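Visitor: build me a model:
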Amino acid sequence: MRIMRNERGVTLIEALAAVVILGIVVSAFAAISNYTFLAGNHSDKQTNVQSLAKEQLDYARDYALQTNTKPADTTTADDYKITFQLTAMASPASYDQSSFQTNHYSLQGMVLINKTPKLLTVTVSWEGAP
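Guide: You can find the predicted model right below:
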């Protein structure tokens with residue numbers, strides 16, 4: 001007894017379906033890769049800004065300790081604008097935000113100026129994407 005097999009190759013419809021599915025998978029992978037890249041850049045920016053703010057707060061504290069004053073109101077570092085503000089401890093939210101750029105990150109610390117505790121706010125601001 002002879003068994004007949006009816007084997008054919010891949011049809012055109014099956015080939016097109018496979019190509020479409022493969023295209024969807026590749027597109028999804030590309031989109032996820034792009035999103036991951038952008039998220040990594042945002043994270044790097046946040047880390048750099050936080051590090052710069054901490055560094056500038058430490059600098060301002062040392063400066064206040066040595067000179068009994070705060071550093072100059074505004075300086076720049078790379079693409080960042082750094083603002084130093086002193087406020088009374090009784091009203092810590094009274095610092096001026098008018099000089100900040102689109103995005104900003106602030107750190108606060110206490111310093112003694114003329115034996116009076118003051119709140120020192122260091123703000124790093126920048127233009128562009130956060």
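Visitor: what is the least confident helix or strand in the protein?
Guide: strand 74-77 (a mean of 72; mean pLDDT, DSSP states H and E).
Visitor: distance of residue 18 from residue 25?
Guide: Distance of residue 18 to residue 25, given as CB to CB, to the nearest Å: 11 Å. Bear in mind the C-beta positions are built from the backbone N, C-alpha and C, glycine included.
Visitor: in what helix or strand does the residue nearest the centre of the chain lie?
Guide: The structure's the chain has its C-alpha centroid closest to residue 46; by CA atoms, centre = their mean the separation is 2.7 Å. According to DSSP states H and E, residue 46 maps onto helix 12-67.
Visitor: show me what that helix is packed against.
Guide: Under the contact definition 3 or more CB pairs under 8 Å, 6 or more residues apart in numbering; DSSP states H and E, helix 12-67 sits against strand 80-88, strand 103-113, strand 116-126.
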